[in-house]
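K.L.:
Structure, please.
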Amino acid sequence: MTDMQGVNERVIDEFRCGNGAVGGRFEGAQLLLLHTVGRRTGRERLNPLIYAADGDGYLVCGSARGAQNDPAWVSNVAAMSEVTIEVGDRVMKATPTVVLHPSPEWERLYGIWSAYWTDSAHYETKTSRKFPIVRLEPVASDG
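P.N.:
Numbers count the residues shown, from 1 in each chain. Sure, this is the predicted structure:
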């Protein structure tokens, strides 16, 4: 297990025990859990991600804390027509839309996300890439 996997597993456990609340670096932050399926492996994946609200939708960013490449979950989401997300104590289906720079919609969505998660300014100094934004639109349900 990599260090990041261990950190993610601890955050996921804390998220689920606290109905979405976690401490440490993410204390007070809006966090969701994104369920995807690996596009090459077919294995289920689970990523805790900071989100910003956009109307009824959720915005997550493929910043990878400023790494040179997009995180793998972005490509996995791009290959999926529907994902599962956990927000607080709710589990729901959502339709993902990957929005890339230089789209005018990217400017708007990245502006919302980066205003919420101000660490993004530091992440930007580590790379020349523009971070993909994924908008997750909850799917209406009967329940």
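
K.L.:
could you say what helices and strands the lowest-mean-pLDDT helix or strand in the chain packs with?
P.N.:
Using mean pLDDT, DSSP states H and E, the weakest-scoring helix or strand in the chain turns out to be helix 3-17, at a mean of 89. Applying 3 or more C-beta pairs under 8 Å, 6 or more residues apart in numbering; DSSP states H and E, one finds that helix 3-17 contacts strand 31-37, strand 44-50. C-beta: built from backbone N, CA, C; applies to glycine.

K.L.:
Can you add mean neighbour count and give those strands back as a markdown table?
P.N.:
Compiled in a markdown table, these are given as follows (neighbours: other C-beta atoms under 10 Å):
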| stretch | mean neighbour count |
| --- | --- |
| strand 31-37 | 20 |
| strand 44-50 | 16 |
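
K.L.:
and the ones you listed as CSV, adding distance to Arg90 and mean pLDDT?
P.N.:
Formatted as CSV, these follow (distance: least, C-beta to C-beta, whole Å; pLDDT from 0 to 100):
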stretch, distance to Arg90, mean pLDDT
strand 31-37, 10, 97
strand 44-50, 15, 96
